[in-house]
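[1] what's the 3D shape of this:
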Amino acid sequence: MKFNIHSNLVIILAVILFASCSKSNEGVEETPEPLTFTVSRFAAYGVLIEKMTISSSNTDYSIDFVIDRSVSLDRNKFETKVKTSAEEWENLINCFDLETFTKIKNGGCRACAGGVNESVTVVKDGVTYMFNNGVVCENYQHLQNFFDLIFEQAEKFRVVAGYQE
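    Okay, the predicted model is just below:
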């Protein structure tokens, strides 16, 4: 009798475990974008946390910032996801050069001196390339048109979010 109760308990637990597994994603694998650009900005003490990721299909943007620096709890958060236009994507990839990007050197910490740190990440075919605060690097200057396009788009989102620098 004891064996029968234990075996029934095991069977019930197995049925619950397998029945509770979600099958909505079964057989569906998300294929990662072959190329994505991400720009992140952050200031000391969480005064600003901003991130924008651009792929051929979507642009994701989020910002979390202190509205009144005298009251650090007074924050504003905004996030959105929009379709990346074909024209915008073409403009970005036409002025982007991965070889030059990989030569950009990290700069010093700007948030440490009351500024805003910038991190730029590119993921190409699953490989991640990144630098922080590289604006003073000569290779950054060679990709200035690329960065101008990205930061112009971020500025539009900042306006909608109500962020003022």
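
[2] In three-state terms, label the most centrally placed residue in the chain for me.
    Centrality entry for the chain: nearest residue to the mean C-alpha point is residue 53, 4.6 Å, by C-alpha atoms, centre = their mean. Using DSSP: H, G, I helix; E, B strand; the rest coil as the criterion, the local structure at residue 53 reads strand.

[3] Go ahead and confirm it touches residue 38.
    Yes - Residue 53 is in contact with residue 38 according to C-beta atoms under 8 Å; the separation is 4.4 Å. C-betas here are computed from N, CA, C, even on glycine.

[4] gap between residue 142 and residue 104?
    Remark: distance between residue 142 and residue 104 (C-beta to C-beta, to the nearest Å) = 9 Å.

[5] Pull up the overlap in contacts between residue 53 and residue 38.
    Counting by C-beta atoms under 8 Å, 6 or more residues apart in numbering, no residue touches both residue 53 and residue 38.

[6] Can you list the residue ranges for strands in this structure?
    Counting by DSSP state E, the chain has these strands, from start to end: 35-43, 48-55, 58-68, 71-83, 116-124, 127-132.

[7] Once you drop chain neighbours, what's closest to residue 44?
    Spatial nearest neighbour of residue 44, chain neighbours left out: residue 111 (4.5 Å); criterion: C-beta to C-beta, 6 or more residues apart in numbering.

[8] Please name the residues that touch that neighbour.
    Contacts of residue 111 (C-beta under 8 Å, 6+ apart): 42, 43, 44, 117.

[9] Try it again at 6 Å.
    Shown in contact with residue 111 (C-beta atoms under 6 Å, 6 or more residues apart in numbering): 43, 44, 117.

[10] Pull the number of nearby residues for the last one.
    Spelled out, that is residue 117. Neighbourhood size, residue 117 [other C-beta atoms under 10 Å]: 18.

[11] what's the distance between the residue nearest to it when sequence neighbours are not counted and residue 93?
    Excluding the flanking residues, the one nearest residue 117 by C-beta to C-beta, 6+ apart is residue 111, at 4.4 Å. Going from residue 111 to residue 93 by C-beta to C-beta gives 30 Å.
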